[in-house]
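K.L.:
just to be clear, the model below is a prediction. Sequence and coordinates:
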Amino acid sequence: MDEDQIREFSEKLSERIASLEDRNDKLLETARRVEGEKRYVETELIRLQKEIKRLKQELDRLKSPPLIIGNVRDILADGRVVVKSSTGPDFIVNAADYIAKENLLVGARVALNKQTLAVMGVLPPSYDPIVTGAEIIEKPDVTYEEIGGLDQQIMELKEAVEDPLLKPDLYRKVGIEPPKGVLLVGPPGTGKTLLAKAVAHRTKASFIRFVGSELVQKYIGEGARLVRELFELARKKSPSIVFIDE
């Protein structure tokens, strides 16, 4: 082959190599794009499978039969439970295996199967709307510095309420039994509520304000029930300051 033929062959070979390299680059780009689409489809498939599972569970829940609300009256030695249903009489029933025994206590509200009356779940305690409608402040921001002209009352409140909560060891050491509550007396607008909120702020306690007149109910026993529910709520929110406003 002469030099012209060699040069021509070399040019064709270079063009062929360049064409193959260009095609290879395009194929690599296509492969990367397809791989990205594959990963997206796989992620979307997992998401949709989870959504289908959630919707099936929701459908099963909606199709499940209604439950009856009852209260635990007693727990027998063999594990069976004495419950009082909302329909009236007491029944001795079984409890579902998945219910934690420590949650199944006397007095607990439970959900009962409509047909067998078996205990299907433990419900949270129920509070009267009057109690749940009480003013509840998790973290009051009122300080003593915002209250003027009540220095003597602030000092007495600190000794009676604040110090026993912040320094309980000191009171136990000297054998002093702190008061369970204090009575704030005065006409409206003199700072009673602010004092209670300031104590709650200092002791990092929740502030629960309840109107005392709500405890006077038409039926016998209703007021006592409201008091029990109020202090049960206070224990749930503990530490807490309960302010009963007359």
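P.N.:
Right, received. Where do you want to start?
K.L.:
what residue lies at the spatial centre of this protein?
P.N.:
With distances taken as CA atoms, centre = their mean, residue 124 lies nearest the centre of the chain, 11.1 Å away.
K.L.:
quick check: the nearest residue to it once chain neighbours are set aside vs residue 229, distance?
P.N.:
Setting aside the residues directly before and after it, residue 124 is nearest to residue 109 in space (CB to CB, 6 or more residues apart in numbering), at 7.4 Å. (C-beta placed from N, C-alpha, C; glycine too.) Counting by CB to CB, to the nearest Å, the gap from residue 109 to residue 229 is 12 Å.
K.L.:
who's more crowded, those two?
P.N.:
More crowded of residue 109 and residue 229, by other CB atoms under 10 Å: residue 229, with 17 against 14.
K.L.:
where does that one land on pLDDT?
P.N.:
pLDDT, residue 229: 80.
K.L.:
quick one: the strands in this protein, in order.
P.N.:
With DSSP state E, the ranges of strands along the chain come out as 67-75, 81-85, 90-93, 109-113, 119-123, 135-137, 206-211, 240-245.
K.L.:
which of those has the lowest mean pLDDT?
P.N.:
Note on these: lowest mean pLDDT is at strand 135-137, with a mean of 76.
K.L.:
picking that back up, pLDDT score assigned to the residue nearest to the centre of the chain?
P.N.:
On pLDDT, residue 124 comes in at 79.
K.L.:
contacts only, for residue 163.
P.N.:
170, 171, 178 (CB atoms under 8 Å, 6 or more residues apart in numbering).
K.L.:
show only the entries of those residues found in helices.
P.N.:
170, 171 (DSSP state H).
K.L.:
mind putting the contacts of residue 163 in JSON lines, neighbour count included?
P.N.:
Putting the contacts of residue 163 into JSON lines (neighbours: other CB atoms under 10 Å) gives the following:
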{"residue": "170", "neighbour count": "11"}
{"residue": "171", "neighbour count": "14"}
{"residue": "178", "neighbour count": "14"}
